[in-house]
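[1] Provided below are the primary sequence and the corresponding predicted coordinates.
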Amino acid sequence: MPLGTLDRTPPPFFRQGPSAFTRLVVFSALALFLMVADRRLGVVEPLRAVIATVLHPVQQALRVPVQAVRTGGEYLQGLAAARASEAQARRLLADKAERLGRLEMLEQENARLREMLNLRAALSARTQAAEVLYDRPDPYTRKVVIDRGLTQGVVLGSPVIDHTGVIGQVTRVYPLTSEVTLLVDKDAVIPVLNTRTQVRGVAYGDPQRGGLELRFMPTNADVREGDVLATSGMDGVYPSGLPVAVVSRVERRADSAFARILLEPVGQLASARHVLVVEPVGRELPPPPDPEPETAAPRRGAGRR
């Protein structure tokens, strides 16, 4: 093929258009013209609206991942804040519950103290307030220790009562504390009076059942369930009229001359905290008169020789 017939023009891929400087000048002038036209005439505003409308779904689609990440972060932050608020609310609720429990306990304690003060005013014997410190660790006895002793004037045998009735008697006295034997102890004995029939009896502690038993009452004795027993005041220790127990059950057996009468103490033996120590009634009674010396009778035959 002759060389003159060859096409020496570059292929389309290598063809070069206007120079870069020319394109820069043209596009700069076009941009300047569009800015001036948009500023002065507003000719680009419809085009901008159309482009914004067309690109709006694309913008919303592109914002979904960003919004999801932002929403997830806000959710995690809100969840952490909610957990912190819940923990704080639980702490406050526990604190309020504890305060409410203390308040209810104080209200009950104040009510018991007011009742004890009323009972104290009704007693003619000398009394003093005491607080139960702890129970004796002996499992075979029912005794408590109070914070009053010889230094405060507590004497052996002093009755101990709470706002509901008799709970026991002082059986051992130390300089600063005293030991109180409760009514349900196996060694506890208290004379009682049936307030309905005015019949006297003796109640004994029943530690196995946690109550008392009215012993040596005949089978035909007029004792009913619900009868209230109070101190008789005949022993010179307990003031008369203090509530002791309530008859809970009466068993009359044909093979026994005595009825089995079970009692429930009215005093708060297991939960008493503040009590009154009453001076024994015998300390206020006048001493018995001295026996008069017997005059020696003259012997028969005296003066006879």
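    Great, that's in hand.
[2] pop out the phi and psi values for Val223.
    When read as degrees, to the nearest 10, the backbone of Val223 gives phi -130, psi 130.
[3] what's the neighbour count on it?
    Applying other CB atoms under 10 Å, we find 20 residues neighbouring Val223. (Glycine included, C-beta is placed from N, CA and C.)
[4] what separates it from Ala245, distance-wise?
    Distance of Val223 to Ala245, given as CB to CB, to the nearest Å: 12 Å.
[5] any idea which helix is longest in this structure?
    Using DSSP state H to define each element, the chain has its longest helix at helix 45-122.
[6] average pLDDT for it?
    Helix 45-122 carries an average pLDDT of 77.
[7] check stretch 241-259 too.
    Stretch 241-259 shows a mean pLDDT of 91.
[8] gap between the two ends of it?
    Stretch 241-259 stretches 24 Å from its first residue to its last (CA to CA, to the nearest Å).
[9] one more: stretch 143-152?
    Span of stretch 143-152 from end to end, CA to CA: 20 Å.
[10] give the buried residues for that stretch.
    Going by neighbour count (16 or more other CB atoms under 10 Å), the buried part of stretch 143-152 is 143-146, 148-149, 152.
[11] out of these, which comes closest to Val58?
    Ranked by distance to Val58 (CB to CB), the buried residues of stretch 143-152 are led by Val144 at 85.7 Å.
[12] neighbours around Pro46, how many?
    For Pro46, using other CB under 10 Å, the count is 9.
[13] same question, Ala97
    Residues within reach of Ala97, counting by other CB under 10 Å, total 10.
[14] from Arg249, how far out is it?
    Ala97 is 40 Å from Arg249, by CB to CB.
[15] roughly how far out does the longest helix of the chain sit from the chain middle?
    Remark: helix 45-122 is offset 27 Å from the chain centroid, using CA atoms, centre = their mean, to the nearest Å.
[16] pull the number of nearby residues for Arg253.
    If you count neighbours by other CB under 10 Å, Arg253 ends up with 10.
[17] over to Thr141?
    Thr141: 18 surrounding residues under other CB under 10 Å.
[18] do you know how far the residue lying closest to it once chain neighbours are set aside is from Tyr204?
    In this structure, Thr141 finds its nearest non-sequential neighbour in Asp185, 5.7 Å apart by CB to CB, 6 or more residues apart in numbering. Separation of Asp185 from Tyr204 (CB to CB) stands at 10 Å.
[19] quick one: which of the two has more around it?
    The neighbour count for Asp185 versus Tyr204, taken as other CB under 10 Å, is higher for Asp185 (22 against 18).
[20] just to be sure, the more buried one is in a helix?
    No: in this structure, Asp185 is coil, not part of a helix, as judged by DSSP: H, G, I helix; E, B strand; the rest coil.
[21] test my guess that it contacts Lys143.
    Yes: contact criterion CB atoms under 8 Å: Asp185 and Lys143 qualify, at 6.6 Å.
[22] what do those two both touch?
    Common neighbours of Asp185 and Lys143 are listed as Gly168 (criterion: CB atoms under 8 Å, 6 or more residues apart in numbering).
[23] can you pull the contacts of the residue nearest to Thr141?
    Asp185 neighbours (CB under 8 Å, 6+ apart): 141-143, 168, 205, 207.
[24] likewise for Phe216?
    Residues in contact with Phe216, defined by CB under 8 Å, 6+ apart, are 201-202, 258.
[25] rerun that using 10 Å as the cut-off
    When contacts are counted by CB atoms under 10 Å, 6 or more residues apart in numbering, Phe216 is found next to 201-202, 204, 257-259, 261.
[26] try Lys96
    By CB under 10 Å, 6+ apart, Lys96 lies in contact with nothing.
[27] residues contacting Val144?
    Counting by CB under 10 Å, 6+ apart, Val144 touches 132-136, 160, 167-168, 178-182, 269-270, 272, 275.
[28] same check on Val184?
    When contacts are counted by CB under 10 Å, 6+ apart, Val184 touches 142, 167-168, 204-212, 245, 263-265, 267, 269-270.
[29] now for the nearest residue in space to Lys186 that is not next to it in sequence: which residues touch it?
    With CB to CB, 6+ apart as the criterion, Lys186 has its nearest non-adjacent residue at 5.1 Å, and that residue is Pro207. By CB under 10 Å, 6+ apart, the contact set of Pro207 is 139-142, 182, 184-188.
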